[in-house]
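Peer 1: Below is the sequence, then the predicted model.
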Amino acid sequence: MGYRAGVRIHRNQPLTRILGTLAGIGFLAMGAYAMFGADDAVPAFVKERAWWFGATATVGGVWAIAVSWLDPDLSGVWCRPPRRPRDLKG
C-alpha cells in the first residue's frame, strides 16, 4: 500500500561496468593506504592530510562502484569512446 524502494543491479554494458568497478576498487585501495599506511616517522599534520585524502578517495571508490552497477544508462557517466575520423566527415 505504501511506497516500496528497491535497488536493481543492471547487467547491460558489462565491460564498462567492470572497468568502473575496477577503478572504484583502485580508489578504495589508494584511500585505505593513505588513511592507514603512514608510520610514526611522518609528521602529524602530514598524517592528517593523508587521512582526509584517503577518506575522499574512499568515498570516490564507493561512488564509482555503486554507479557502475546501479545506474541503468552509463552513457553520461563514464567516458564514451572517441569518434573515428570517418565519423567526423559527414
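Peer 2: That came through, no problem.

Peer 1: which parts of the top helix by length along the chain are buried?
Peer 2: Across the chain, the longest stretch assigned as helix under DSSP state H is helix 44-70. For helix 44-70, burial by neighbour count (16 or more other CB atoms under 10 Å) applies to 47, 50, 54, 57-58, 60-61, 64-65, 67-69. Bear in mind the C-beta positions are built from the backbone N, C-alpha and C, glycine included.

Peer 1: Kindly report the same for stretch 26-39.
Peer 2: Buried residues in stretch 26-39 (16+ other CB under 10 Å): 27-28, 30-31, 34-35, 38.

Peer 1: Give me the three-state assignment for residue 10.
Peer 2: Here residue 10 is coil, with the state taken from DSSP: H, G, I helix; E, B strand; the rest coil.

Peer 1: just how off-centre is stretch 29-46 within its chain?
Peer 2: Distance of stretch 29-46 from the chain centroid (CA atoms, centre = their mean, to the nearest Å) equals 21 Å.

Peer 1: what does it contact?
Peer 2: With contacts defined as CB atoms under 8 Å, 6 or more residues apart in numbering, stretch 29-46 is touched by 47, 50-51, 53-61.
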